[in-house]
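Participant: My questions concern the predicted model and sequence given below.
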Amino acid sequence: MFQKGREREAARPIPLDPDRAAVEAARQDASQFEALYRKYVAQIYTFALYETRDHHAAEDLTEQVFLNALRGLSTFRELDAEEGRSTFRVWLFRIARNVLSNTRRTDRRRPTAPLELASAIAAPDDPAQAAIARDEAERVWRAVEQLPEERRRAVLLRFVEEMSAAEIGDILGRSEGSVRVLIHRALRAVGAELRR
């Protein structure tokens with residue numbers, strides 16, 4: 001019976017990385033990396049912006065992520081489910097997580113005072129509604145910012161980057177189930193904070 005489950009799992013097709021052709025082209029000719037850059041620059045920048053809350057720091061982090069990815073492209077391996085599925089997108093977000101961690105480590109050693117990120121929310125026609133919406137958004141982000149780092153990161157990857165629990169798990173080095181628990185606990189904590 002146990003053997004049949006393995007056979008069924010082995011027979012299941014392994015999903016292909018949608019970026020496989022672009023990665024291979026970029027390995028052959030570095031100028032082809034631009035296609036991957038254009039596809040993911042906005043996602044990496046958004047992730048960096050939510051993590052740093054600083055436009056300039058997010059730009060610097062995004063640049064570093066893509067430089068590291070280009071340098072390390074020959075080391076990228078698309079893995080199957082048994083080895084711990086990895087796509088180019090997941091690999092890129094892992095690089096972003098590592099660059100962010102290194103940057104934070106450096107910042108702790110040499111602290112600076114970052115500029116506040118102005119919240120840019122589309123203004124409705126009614127100024128009172130705009131003020132209420134802005135206040136609510138600020139309250140939500142303050143609550144999200146108070147979460148422990150891993151919970152906050154899971155929430156950002158899920159709701160801002162719209163990643164699946166499996167992708168987030170690959171980025172954070174956790175199982176899909178533990179990512180779901182992280183997100184559930186994070187949302188519960190944010191909800192409790194907003195009810196106060």
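Facilitator: Here it is on my side, so go on.

Participant: C-alpha from now on. contacts and neighbour counts both.
Facilitator: Fine.

Participant: quick check: domain ranges of this structure?
Facilitator: Per the record, the chain has its domains at 14-114, 123-196, by automatic domain parsing.

Participant: want to try CSV for those, with mean pLDDT and mean neighbour count as columns?
Facilitator: Below are the domains of the chain laid out as CSV (pLDDT from 0 to 100; neighbours: other Cα atoms under 10 Å):
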stretch, mean pLDDT, mean neighbour count
domain 14-114, 85, 16
domain 123-196, 83, 16
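
Participant: Which neighbouring elements make contact with the longest helix seen in the chain?
Facilitator: Longest helix of the chain, by residue count under DSSP state H: helix 88-109. Here helix 88-109 touches helix 33-52, helix 55-72, helix 165-172, going by 3 or more Cα pairs under 8 Å, 6 or more residues apart in numbering; DSSP states H and E.

Participant: Next, name the residue at the spatial heart of this structure.
Facilitator: Centroid-nearest residue in the chain: Leu157, 4.2 Å away (criterion: Cα atoms, centre = their mean).

Participant: In this structure that residue contacts Gly169, no?
Facilitator: No - when contacts are counted by Cα atoms under 8 Å, Leu157 is not listed as touching Gly169 (10.2 Å).

Participant: What are the phi and psi values at the residue nearest to the centre of the chain?
Facilitator: Main-chain dihedrals, Leu157, degrees, to the nearest 10: phi -70, psi -40.

Participant: What residues does it make contact with?
Facilitator: Residues in contact with Leu157 (Cα atoms under 8 Å, 6 or more residues apart in numbering) are 47, 163, 168.

Participant: shouldn't the first one be in contact with Ala154?
Facilitator: No - contact between Phe47 and Ala154 fails when scored by Cα under 8 Å: they sit 10.9 Å apart.

Participant: picking that back up, now flag whichever of the contacts of Leu157 is closest to Ala137.
Facilitator: Proximity of the contacts of Leu157 to Ala137, judged by Cα to Cα, is greatest for Phe47, which lies at 17.4 Å.
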